[in-house]
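Chemist: quick one, what's the 3D model for this:
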Amino acid sequence: MSSAGGAGWDPDSLDPELRQELAQLLGWKPAEHYRAQSRFDPHANLLDWALQPAEPQAFAHAARASTSALWHAVHHLALQGVPSQQTPVRAANAYHATLGLSPALPTLDHSDPEVAAGHETSAAVLLPQAGFGAVKLPNWYNQTKPGLARTAVLVQLPAPPGTDGHRVLFTSKEAWRLVRCFLQSWRDGNPTVGGTGECSD
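Modeler: From the prediction side, this is the model:
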């Protein structure tokens, strides 16, 4: 399971004092590299990526292993809160595509201002282009190959305005229900995303 915040950005990187420290650490000149207070600052984002080990670059090869029983065993439920203060749509999409997740319909990121303005692409459009077609819930074993099958689904949930989308597990009762039901169905031998009922704790 994961909360879809990979390849994000750290808002602390906008703090002037922290930028001074980063500049000294890496030998940058603050006046040249940290003048703009931009969430897409390439230097701050690059450092953020380097300092966050739990990124798809580090574990996607295992999550999408394509040989023997490992591929069959790696089921994946990803939860994404929409809208997200911290994770841009393009970063979330990169995370989902890297991990090989199929979006559950209906997706919610079409309401993101960047998507609505045509600057970004909804997961419902982008992930099928990467080979991971959209699915309806409940869903199980949505990705198959000869002799092997896995459940790998992204579910987008409403997030309170101003919060970080990858923390939706702590702000949504539905997120907790999805997690409980997913784990219970996995234990019972049929890993399912979006099962009905409350499911046991």
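
Chemist: what does stretch 128-144 contact?
Modeler: 96-97, 100-105, 107, 124, 127, 149-153, 155, 185, 190-196 (CB atoms under 8 Å, 6 or more residues apart in numbering). The C-beta positions use only the backbone N, C-alpha and C, and glycine is treated the same way.

Chemist: now do it, average pLDDT.
Modeler: For stretch 128-144, mean pLDDT is 92.

Chemist: circling back to that earlier point, from the contacts of stretch 128-144, list just the buried residues.
Modeler: Those of the contacts of stretch 128-144 that meet the buried threshold are 96-97, 100-104, 107, 124, 127, 150-153, 155, 185, 191-195, by 16 or more other CB atoms under 10 Å.

Chemist: quick one: which of those sit in helices?
Modeler: 96, 97, 124, 127, 185 (DSSP state H).

Chemist: how close does residue 173 get to residue 180?
Modeler: When distance is defined by CB to CB, to the nearest Å, residue 173 is 11 Å away from residue 180.

Chemist: and residue 117, by the same measure?
Modeler: In terms of CB to CB, residue 117 sits 37 Å off from residue 180.

Chemist: what of residue 164?
Modeler: Distance from residue 164 to residue 180, by CB to CB: 22 Å.

Chemist: residues contacting residue 107?
Modeler: Residue 107 neighbours (CB under 8 Å, 6+ apart): 122, 123, 124, 134, 156.

Chemist: now it. Its backbone dihedrals?
Modeler: Main-chain torsions, residue 107, degrees, to the nearest 10: phi -80, psi 160.

Chemist: which one's more surrounded, residue 173 and residue 180?
Modeler: For residue 173 versus residue 180, neighbours defined as other CB atoms under 10 Å are more numerous around residue 180 (16 against 8).

Chemist: my guess is that one contacts residue 199. True?
Modeler: Yes: Residue 180 is within contact range of residue 199, at 4.1 Å (criterion: CB atoms under 8 Å).

Chemist: count the residues that sit near residue 175.
Modeler: Counted with other CB under 10 Å, residue 175 comes out at 21.
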